[in-house]
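# Pasted the sequence and its predicted model underneath.
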Amino acid sequence: MQISTIKKALATATIVLLACSSSFAQTIRGTITSRDGTLPGATIRGLAANLNTYSDLNGSFSLTLPTLGKAKLSISYIGYAVKEIELDVVKGINSIGNIELLPEQGNALKEVSISASMAPSQAKAYSIKKNSNAIMDVMASDAIGKLPDRNAAEAVQRMQGVAVARYHGEADQATVRGTPFAWTSTLFNGSRLPSSNVMGNRSSVLDAVPSEIIQYVQVAKAITPDMEGDAIGGAINFITRVAPTGRQLNASAAGGYNTFSQNATYNGSLVYGDRFFNDKLGIILSGAIWDRQWGADSFDATYNTGSSNVQQKKSINSVMLKRYIGKRQTMGTNLGMEYKLDASNKLFFRGMLNKFNDIRPVYESYVDYNNSRYQYNYRYSHYQTTIKGAEIGAEHQVSTKLKLDWTLSDYKSRYYLETPPTQGTKGLPIATFRQKITGGFNNLSSDGKRYWGFDSPNGVGGDPMHFDAGLNDPTETMNPEKLLLQQLVIAQLDNSERDRNAQLNAKVNASAKISFKFGGKYRHKYRESTYGSNLPFLPGAAMGIPNSPALLSLSQLNTTAFPSGSEYFGNLNGNYSQYVMNPLTKDQLFNMFGNEFQAQNGFVNMTSKTNATSLYTGTEQVVSGYAMVEVDASDRLKIIAGLRNEYTDMELIGSKALVEGTPAVTTISASTVNNNYNALLPMLHFKYALNSKANLRAAYTRGFIRPSFGDMTPGTSMDNTKAPMTISQGNPDLDPTFSNNFDLMGEYYFDNVGILSGGAFYKKIKDVVFTDNSMQQINGSDYMVTQAKNLNDASLFGFEAGINKRFDFLNGFWSGFGTEFNYTFIDSKVTVPTGKGADLRLEKTSLPNQSKHLFNAILFYEHSRFMMRIAGNYRGASVESINQELGPNYYTWTAANFTIDASATFSINKHLKAFVELNNLSDEPVKTYMGDRRRLTSSEWYGRRGQAGIRWDIIR
């Protein structure tokens, strides 16, 4: 199937659609509002005709009535009093403007104008959820603003069934229902966000997006055909701010403190919205900045898993004490515009620009047991992430029967480094120093290797949390005069991905009870990747080249004081000050990569020719179409059925390397790979209203995930000089991973803005991708081949439950308390072939990144002008990497993690609020381990942080 053919088919369908847009009835259009803005998910009912519809995310609605003349509408909304209006209906489009609802008497919303209550935002979220076709959870912007969450990933961690990954103390990725991060579709305004992920997978890094530019977050757990289909776990849709119904001007400012870096932080935001030209033109402009000093201590251990001795595979190769002290800036701006041409046609524009600066000098001190030496690395990293783009579109009520909307968008994500300035090649500059340990160690096991005590053949070795290098000579410590410069490296990094999308949707009201929706989408993706290419520079003296300049010591170079902060590895039980070295100055590090320094000190560029195989560019074209029907089978039962089809055509351009001969000769040649496939995705939803407060939902959906670019890279590297000989290559023939999903969910809405929900889900997953390491005979020779393959199927079962309840049944002071609690249990199984040859066996494990237990527990208090929330977030242990050759005892896991945050708000008056936010009160470290929980591979501490400030609704 050719892309051009599909485009022509979509164009033809559009023409036919427009030709069929004859009018048959009358349409009422309006917008539901409140004192807090528009109300999405409101129920609008035509009483005489017994017809109903729901307001969209902008609060707008369209209801078709069969007759002219007098009509009565009833508008209802969670937490608000029901409002009835009468109107005279004329032929064609009837625009009735804004309809304002008032809080219901005796409800938590009744004094919202001067209170700090979460009720208004929860009412919006629950109304969207209650009336949605998909199984989803929703969070509104004002709820995000009342939690101590500063970026998009942190904003969703409180939602039921969502887990986040933490990077140096801040959430940066999110996944739904415990599936791998790449299996959750991250959307902005309904289109998948481009990913500049360094590993080439499709998961989106969200720490570049400030939470202040977000209007709503929708977490869809069972998608409908009008949503992007590559979402096995689910879809997280971030909807940026849109123009308000009237003038709005809000500002916030805060200052704070980080207990680890012992420095100040600040953040600020500004939101302005207004309408002009008789309310035809609406705009909103929002901006935010979060600037903070931060730090972390990371204790890392590596093991000799490549040893031929089974016992010694668990012996320690090296231990590293790594400190980060740096600065981060998250900056973002969002512009939304809409222009109402008339009551039936609206144009809109959305644009955003987000930037994340992660400046982190890193100080690494190693004890290398295999080589009996110290190693000290200093690197200055200024990682930069940008996510920017824009979209234009329109909504057209072509007739009372037909509604069209279309969107054109262009978004780009980039993750890159621009250091050092002294080199044409940019990347991460690293200087490596080494010092020989001549006196040996006193805590080696009987086989001469270093272990933790529980792994040691004779119990010698201690434990990670009481680490002691075990020097025979206690005075033989790290010394800047003995640490000699052995290597300079630039680790290249510049990944970018750009998506251009065109989308058209049409909805046809065939009758009062049946409507059809169909549409198409085209996406062109362009990706560039330089990750994985290292440029090493070695001094001639280190390589034994005669007459080379002597190796330089750290003390001979320009250094600066070690950065202040909390006690160096104060969370470990010991004194580790001997590993503190005054680092190079930034300019000294950069100058070491300049031609003058390298020529004077005999450095040689030792970059491997095989580096070229890690560089690639690629294009991916996706054409998708869908058709669905919504049927009100009865007053209680709604059926949504449909089909989505997505065709993918991908091409990657790179190179491959062949290393052979004695001496070894490397040959590089061009390589292009192609992969195309089709995904046919049937979906069926049932929504049954048990009563006006309760829904029961069931769904069957089919989803898929495209293979990652990193697994399909055209690079092939063959090395015939190793024993055994090796081949590392991408696999352009990878099939996408498909999943058949079954969901059963129920929800009950309390009178006073609360919810009780729960249900079960099951996924049957086909063609899971794993990295395969296998011995193969090629042209009569044995090779160890590393390649991603579709190895196994998997299954996932789980259930979830949640409650949000105000204790308004209590008296006096106690009636202000309430709780939010949600829990998700997930159990997945995948069979992994382990070992090789006669030792090949099948091992069962869980999917990568999948935690068995997730929960959020929030206790809140709301009374008059005061609100306080204490929130706990728990993510259970999850396997992160699978060692197929060695088996489960060598899998890497992330340990269970529980964090406690708190926030409080006091409303000084109806326009001004003061707030306090506290993060990581439990000072919980992030830990990873290999096999046994005691066998740490990393433990990172990053301290607590907090801030206090004001929010000012200047015009509301």
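Happy to help now that I have it. Numbering: from 1, shown residues only.
# What count of nearby residues applies to the residue nearest to residue 409 when sequence neighbours are not counted?
Among residues not flanking residue 409 along the chain, residue 391 sits closest, at 3.5 Å (CB to CB, 6 or more residues apart in numbering). C-beta: built from backbone N, CA, C; applies to glycine. By other CB atoms under 10 Å, 21 other residues sit near residue 391.
# name the element residue 391 belongs to?
Assessed by DSSP states H and E, residue 391 sits inside strand 373-397.
# Give me the buried positions along that strand.
Neighbour counts over strand 373-397 (16 or more other CB atoms under 10 Å) mark 373-389, 391, 393-397 as buried.
# distance of residue 555 from residue 420?
Per CB to CB, to the nearest Å, residue 555 is found 22 Å from residue 420.
# Give me the residue ranges of the stretch 451-600 of the chain where confidence is low.
The stretch 451-600 of the chain contains residues with pLDDT under 70 at 532.
# Where do the helices of the stretch 1-150 of the chain begin and end?
Taking DSSP state H, counting those that start in this stretch to define them, one finds helices in the stretch 1-150 of the chain at 3-19, 119-131, 141-145.
# Give me the helices and strands touching the helix or strand immediately after the last one in the chain, please.
On the C-terminal side of helix 141-145, the closest following helix or strand by DSSP H and E is helix 152-156. Packing contacts for helix 152-156, counted by 3 or more CB pairs under 8 Å, 6 or more residues apart in numbering; DSSP states H and E, involve strand 162-167, strand 170-176, strand 214-222.
# can you tell me which of those comes nearest to residue 674?
Between residue 674 and those, the tightest spacing by CB to CB is seen for strand 170-176, at 29.3 Å.
# packing partners for the closest one?
Packing partners of strand 170-176 (3+ CB pairs under 8 Å, 6+ apart): helix 152-156, strand 162-167, strand 184-188, strand 234-240.
# what angle do that strand and strand 162-167 make?
Put simply, strand 170-176 runs at 150 degrees to strand 162-167, going by axes from the mean of the first three to the mean of the last three CA atoms, to 10 degrees.
# Looks like residue 473 contacts residue 439 (just checking).
Yes: using CB atoms under 8 Å, residue 473 makes contact with residue 439 at a distance of 3.5 Å.
# Would you map the strands across the stretch 301-450 of the chain?
Remark: strands assigned in the stretch 301-450 of the chain by DSSP state E, counting those that start in this stretch are 316-342, 345-368, 373-397, 402-416, 427-436.
# Outside of stretch 440-459 itself, list whatever touches it.
Contacts with stretch 440-459, where a contact means CB atoms under 8 Å, 6 or more residues apart in numbering, come from 304, 309, 311-312, 314-316, 369, 372, 460-464, 468-472, 932, 934-935.
# mind redoing it with 7 Å?
Identification of contacts with stretch 440-459 by CB atoms under 7 Å, 6 or more residues apart in numbering yields 311-312, 314-316, 369, 372, 460-464, 468, 470-472, 934-935.
# Quick check: closest non-adjacent residue to the residue nearest in space to the middle of the chain.
Centroid-nearest residue in the chain, with CA atoms, centre = their mean: residue 173, separated by 2.6 Å. With CB to CB, 6+ apart as the criterion, residue 173 has its nearest non-adjacent residue at 4.3 Å, and that residue is residue 165.
# For residue 877, see how far away the one you found is.
13 Å.
# Equivalent analysis for residue 134, please.
Counting by CB to CB, the gap from residue 134 to residue 877 is 30 Å.
# Those two: which is more packed in?
Per other CB under 10 Å, whichever of residue 134 and residue 877 has more neighbours is residue 134, with 25 against 19.
# phi, psi of that one?
Dihedral angles of residue 134 (phi, psi; degrees, to the nearest 10) stand at phi -80, psi 160.
# Check the spacing between it and residue 651 real quick.
33 Å.
# What of residue 261?
Applying CB to CB to residue 261 and residue 651 gives a distance of 46 Å.
# and what of residue 571?
Residue 571 sits 49 Å away from residue 651, going by CB to CB.
# and if you look at residue 742?
In this view, residue 742 and residue 651 are 36 Å apart by CB to CB.
# Likewise for residue 154?
37 Å.
# So for these two, which sits in the more crowded spot?
residue 154 (24 against 16).
# Tell me who's in contact with that one.
170, 171.
# Next: residue 373.
Applying CB under 7 Å, 6+ apart, the residues contacting residue 373 are 434, 435, 436, 437.
# Same list (those residues) but as CSV, adding neighbour count and distance to residue 623.
Below are those laid out as CSV (neighbours: other CB atoms under 10 Å; distance: CB to CB, whole Å):
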residue, neighbour count, distance to residue 623
434, 20, 55
435, 22, 59
436, 12, 62
437, 20, 62
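# Can you pull the phi/psi pair for residue 599?
According to degrees, to the nearest 10, residue 599 has phi -70, psi -40.
# That one and residue 304, how far apart?
From residue 599 to residue 304 the distance is 38 Å (CB to CB).
# In terms of packing, which of those two has more residues around it?
More crowded of residue 599 and residue 304, by other CB under 10 Å: residue 304, with 19 against 10.
# My read is that that one contacts residue 315, right?
Yes: here residue 304 reaches residue 315: they are 4.9 Å apart, a contact under CB atoms under 7 Å.
# OK, contacts around residue 609?
657, 666, 668.
# Actually, residue 764.
739, 740, 795 are the contacts of residue 764 under CB under 7 Å, 6+ apart.
# Highest neighbour count among these?
residue 739 (24 neighbours).
# Near residue 922, how many residues? Count them for me, please.
There are 12 residues near residue 922, going by other CB under 10 Å.
# ok, it touching residue 899?
Yes: with contacts counted by CB under 7 Å, residue 922 reaches residue 899, the gap being 5.9 Å.
# got a list of what residue 173 touches?
Contacts of residue 173 (CB under 7 Å, 6+ apart): 153, 164, 165, 181, 203, 205, 206.
# Quick check, the second one in contact with residue 158.
No: the criterion here is CB under 7 Å, and residue 164 misses it with residue 158 at 9.9 Å.
# contacting residues for the closest residue in space to residue 368 that isn't next to it in sequence?
Nearest residue to residue 368, sequence neighbours excluded (CB to CB, 6+ apart): residue 318, at 4.7 Å. Shown in contact with residue 318 (CB under 7 Å, 6+ apart): 302, 366, 367, 368, 369.
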